[in-house]
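Chemist: sequence first, predicted coordinates after that:
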Amino acid sequence: MTASTRTPARGEGARFSRRSLMQWTGAAAATGALVSSDPLRAASEPMRLLQADGMPDADRTVWSACIVNCGSRCPLRLQVKDGVVVRVLPDNTGDDTLENRQIRACVRGRNMRQRIYNPDRIKKPLKRKEGTRRGEGQWEEISWDEAFDLFAEKLKHTYDTYGPEAVFKVYGSGVWNAHLAYGAGWQRLFNAMGGHLNYYNNYSYSQIGGITRFHYGNQDEQVSNSFEDSLKHGRMLVLWGNNPQETRMSGGGLTYVSLEAARKAGLKIVVVDPRHSDSVAVLADQWISPRPGTDAALVNGIVHHLVKNNLHDQAFLDKYCVGFDEKHMPKGIPANNSYLTYIMGKGADGIEKTPAWASKITGVPEKTIIEFALELGRTKPVNITQGWGPQRHANGENQARAIYTLANVLGQVGIPGGGTGGREGNYWPLTAWLPNGDNPCKAAISNFGWSEAIVRGEEMTDVKDGVRGVKKLSTSIKFLLEYGGNMLGSQHADLNKLREILQDESKCEFIVTVDNQMSTSADLSDLVLPDTTTAERWDLVPSEYCGDTAYLIACEKAIEPLHDSKPAYEMVTEIAKRLGVEKKVTEGRDLRGWAQYLQDEVNVKAVPGMPKFEEMLKKGVHRYRNPEGTTVALRDFREDPVKNPLETPTGKIEIFSEELWNMARTWEFPDRKKGDVITALPMHVDTWEGAMEALSNDKYPLQLIGHHFKQRVHSTYGNLSNLQEAHPQSVWISIPDAEKRGIKNGDTVEIFNDRGRVQIPAKVTARIMPGVASLPQGAWTDFDAEGVDHGGAVNVLTSLHWTPVSKGNCQHTTLVQIKKA
Ligand SMILES: Nc1nc2c(c(=O)[nH]1)N[C@H]1C(S)=C(S)[C@@H](COP(=O)(O)OP(=O)(O)OC[C@H]3O[C@@H](n4cnc5c(=O)[nH]c(N)nc54)[C@H](O)[C@@H]3O)O[C@H]1N2
Ligand SMILES: Nc1nc2c(c(=O)[nH]1)N[C@H]1C(S)=C(S)[C@@H](COP(=O)(O)OP(=O)(O)OC[C@H]3O[C@@H](n4cnc5c(=O)[nH]c(N)nc54)[C@H](O)[C@@H]3O)O[C@H]1N2
Ligand code: SF4
Ligand SMILES: [Mo]
């Protein structure tokens, strides 16, 4: 490895000493300024930091943004002096009202300078040295011309030899939704060459994305009413595996809105989560903690008690739903297959789904289930919102559908203050992305299916592997691009097995990673290309989970690309030139040209009052409100279900889905594990490495989940030393589980199963239920010679086995043992 590109050990380089942190916190931490070891600044820095906002020493202040996939997107004002970003300031537009609130960046974004000037920056194009294996870290620096030639040659070879189904751009969310950086032209390039293998769904909500069309007819997720709507009209708000305080940390996002909602007298907030999350701590009136993967059972028990007390909304179920009771079933389905029959124990399993039954499975006391049911039935309107924790499980499709169903049984769909049981609604940006163009290749796999498609693509079919667009793939993946993602070495599952798959060059023949940090995925590639950060290029950046106030941020290029990096779009342009498709790919525009074009030709027409490009550069942020006030999902359907039917076969909400009934009989499961079943009803399903198995498994008795963590957004920001100090990586374990194992708070423990071993300090806490542990996902791996990871990466322990319908990632379903190291 050459000196200039060696990946430093975690925390090496830009590390704050504890003392310097204590001395200079406040201003220094808040502006993200580097103090003791800033590679570019002298020791007189602290004095400058204490100066007021709008410091006179900067040459200029430009608008930029943090564009990671945290569910938000925050404007940053970068102060530049002599071509260096010297300071990061938050939004200073807007005010403290809910509607026009400041979009204040969280502590991560404010530390953007540590990411821009990080020693982990990739400095030159790197090619894996001849004769070494992927992952050995032996690199040769090459020129950009050599890099472009190599990329073009390998891509052309793949098209000529295997066709477009062999070309795949793996999921990546590091540049999520930034209008230009997200696509950066990669798909335009592939589409101009004949197309590429697609994927459907995403890692965030693979199971919701795969199952919702059967329930609500929606191909994506079916969102619920917004938090703002609950604040204005609701009496109760349920956050079901939903943690806005940690997963929506922007001031422009739902941390703020949910907090305002919690401040409202008369809105009861209940959080259902095995973990006492920050949302429980900050927002909740009540915390209910089921075992992971048992939410459908909890819903079943609640519905039983609602029906027993006649607190279900029969009129709503009759008019808007299919399959609740025997009188409302699709024609031709045998008797005793309705939801009510299942709940009352009159169906095939003969088990009555009483609160006592649900209690045994979920671990939630029977009394709590009964009281929760009564409260839900009597406190309307109630907005049940689900996060994505419950569905990131082996039975995630049913978990998600069950939570939708509870909102249906309560009749809350389409009314102010109510909701659908989906993720809280937001006013979605109406602004435009760099268009990808049409993909001539119709084949698609699930977001999670690519490692299978590397191993056995040509065997993968529709009914066996969820292939869409064609009945069967014609080839395995041979050319893999990881751009703005860290799937290969961090965010996919079972990293040890995955590494073996990727190291076999007879399978995937060429792997390229394009990133701005030397990520653990870059480590596993053949070619590594250094991208810029947002500070070094133009972009337009939209809001995302922002409540009912959407916004757009203009990003100006603040500094020249560092080292020998280039914006990805310029890489695409050069490669396209070599392949003779430049005109088609660029349409003659550079990045700034696209930003100006999209703003002036599309966005100003889509959003009334939207400024033109030049004005946006000065203004920085433009906010626009939901014209309907607050989001009430499926209002039209509720008002007139005949005129505004859903896109399900019956046009109604399908609590019983005939399509799923048929799939249960036609889909094939050659590698079936326990729980790999498709059910027409949102039943509770016991799975491999599920809650019941944990109770009887002496070897691996703990359910390990991996919540999304404040320190990072997935792996991004994970290499910043001051954030590591603020939120150290540790595994959460309950007090009784720790005592049983002789583990004290802070002890280094080993977390292990047959897939891998991780050593990390334990956080012994009452904030997680017994039998469950959580290792926050996204930590960078740090393997020792024996293959033990000391970074704390949960995906060393997770499984590549996918879910039955979505063929999706279910990384919160993992059994482990923990012992003192
Ligand atoms: N066990 C477990 N695994 C999970 C999850 C879980 O809950 N548990 N969650 C899943 C979910 S929901 C998601 S969304 C995925 C996320 O997984 P990824 O999308 O892989 O997210 P990151 O790890 O943040 O990787 C983003 C990469 O983009 C890079 N990047 C940042 N800015 C730029 C840029 O400007 N240009 C380029 N080229 N690169 C840039 C970063 O340096 C980083 O390496 O992880 C999934 N994996
Ligand atoms: N700070 C920070 N913010 C982020 C991210 C990040 O990495 N860091 N990632 C972003 C991305 S891409 C996404 S997709 C979202 C993820 O958002 P989510 O998927 O909603 O986040 P998770 O932490 O996986 O799950 C939410 C909660 O569900 C709980 N949970 C886990 N399993 C179960 C279960 O079976 N039942 C119930 N009831 N609860 C369960 C977890 O303890 C957790 O508190 O967050 C986004 N925001
Ligand atoms: S990580 Fe998210 S909340 Fe924090 S600054 Fe970036 S976009 Fe904003
Ligand atoms: Mo995600």
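Modeler: Okay, I see it. Everything quoted here is computed from the prediction, not taken from an experiment. Ligands and ions are numbered 1, 2, ... in the order given.
Chemist: mind checking how far the longest strand seen in the chain is from the chain centre?
Modeler: Using DSSP state E, we find that the single longest strand of the chain is strand 756-765. Relative to the centre of its chain, strand 756-765 is centred 23 Å away, using C-alpha atoms, centre = their mean, to the nearest Å.
Chemist: which is the next helix or strand following it?
Modeler: Downstream of strand 756-765, the next assigned helix or strand under DSSP states H and E is strand 772-774.
Chemist: and that following strand, what does it pack against?
Modeler: strand 702-705, strand 731-734 (3 or more C-beta pairs under 8 Å, 6 or more residues apart in numbering; DSSP states H and E). The way it works is simple: take the backbone N, C-alpha and C, and place the C-beta from them, glycine included.
Chemist: okay, those in CSV with mean neighbour count and mean pLDDT next?
Modeler: Output for the helices and strands packed on strand 772-774, formatted as CSV (neighbours: other C-beta atoms under 10 Å; pLDDT from 0 to 100):
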stretch, mean neighbour count, mean pLDDT
strand 702-705, 26, 98
strand 731-734, 24, 98
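Chemist: for ligand 2, find the nearest of these.
Modeler: strand 702-705 (4.5 Å; C-beta to the nearest ligand atom).
Chemist: mind checking if the closest one is in reach of ligand 2?
Modeler: Yes. Against ligand 2, strand 702-705 shows contacts by C-beta under 6 Å from any ligand atom at residue 705.
Chemist: name the helices or strands packed onto the helix or strand immediately after that strand in the chain?
Modeler: Remark: after strand 702-705, the chain's next helix or strand is helix 721-726, criterion DSSP H and E. Where contact means 3+ C-beta pairs under 8 Å, 6+ apart, helix 721-726 is packed against helix 18-31.
Chemist: for the helix it packs on, the averaged confidence score.
Modeler: Per-residue pLDDT over helix 18-31 has a mean of 29.
Chemist: likewise stretch 109-121?
Modeler: 97.
Chemist: for it, buried residues please.
Modeler: Of all the residues in stretch 109-121, those buried under the rule 16 or more other C-beta atoms under 10 Å are 109-121.
Chemist: now do stretch 757-774
Modeler: 757-765, 767-774.
Chemist: average pLDDT across stretch 649-669?
Modeler: 98.
Chemist: just the endpoints, please. Distance across it?
Modeler: End-to-end distance for stretch 649-669, by C-alpha to C-alpha, to the nearest Å: 26 Å.
Chemist: with stretch 153-169 instead?
Modeler: 17 Å.
Chemist: check contacts around the closest residue to residue 685 other than its chain neighbours.
Modeler: Leaving aside its sequence neighbours, residue 685 sits nearest to residue 395 (C-beta to C-beta, 6 or more residues apart in numbering; 4.3 Å). The contact partners of residue 395, by C-beta atoms under 8 Å, 6 or more residues apart in numbering, come to 293, 296, 675, 684-687, 690, 803.
Chemist: filter the residues you listed down to the ones near ligand 3?
Modeler: Applying C-beta under 6 Å from any ligand atom to the contacts of residue 395, none is adjacent to ligand 3.
Chemist: just among those residues, which is most surrounded?
Modeler: Greatest neighbour count in these, by other C-beta atoms under 10 Å, goes to residue 293: 35 neighbours.
Chemist: may I ask which helix or strand encompasses that residue?
Modeler: Using DSSP H and E, no helix or strand contains residue 293.
Chemist: so it makes contact with residue 690?
Modeler: Yes. Using C-beta atoms under 8 Å, residue 293 makes contact with residue 690 at a distance of 5.1 Å.
Chemist: give me the common contacts of those two.
Modeler: Joint contacts of residue 293 and residue 690 (C-beta under 8 Å, 6+ apart) are 393-395, 703, 813.
Chemist: make JSON lines from the buried residues of stretch 109-121 and add secondary structure to it.
Modeler: As requested, the buried residues of stretch 109-121 are arranged in JSON lines below (DSSP: H, G, I helix; E, B strand; the rest coil):
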{"residue": "109", "secondary structure": "helix"}
{"residue": "110", "secondary structure": "helix"}
{"residue": "111", "secondary structure": "helix"}
{"residue": "112", "secondary structure": "helix"}
{"residue": "113", "secondary structure": "helix"}
{"residue": "114", "secondary structure": "helix"}
{"residue": "115", "secondary structure": "helix"}
{"residue": "116", "secondary structure": "helix"}
{"residue": "117", "secondary structure": "coil"}
{"residue": "118", "secondary structure": "coil"}
{"residue": "119", "secondary structure": "coil"}
{"residue": "120", "secondary structure": "coil"}
{"residue": "121", "secondary structure": "strand"}
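Chemist: closest to ligand 3 among these?
Modeler: Nearest member of the buried residues of stretch 109-121 to ligand 3, counting by C-beta to the nearest ligand atom, is residue 109, at 2.3 Å.
Chemist: first vs last residue of stretch 134-154, how far apart are they?
Modeler: 17 Å.
Chemist: show me what counts as buried in it.
Modeler: For stretch 134-154, by 16+ other C-beta under 10 Å, it's 134-135, 137, 139-140, 142, 144, 147-148, 150-152, 154.
Chemist: biggest separation within those residues, which pair?
Modeler: 137 and 152 (25.7 Å; C-beta to C-beta).
Chemist: next to ligand 1, which bits of the stretch 501-650 of the chain? Give me the list.
Modeler: 514-517, 519, 531, 533-534, 568.
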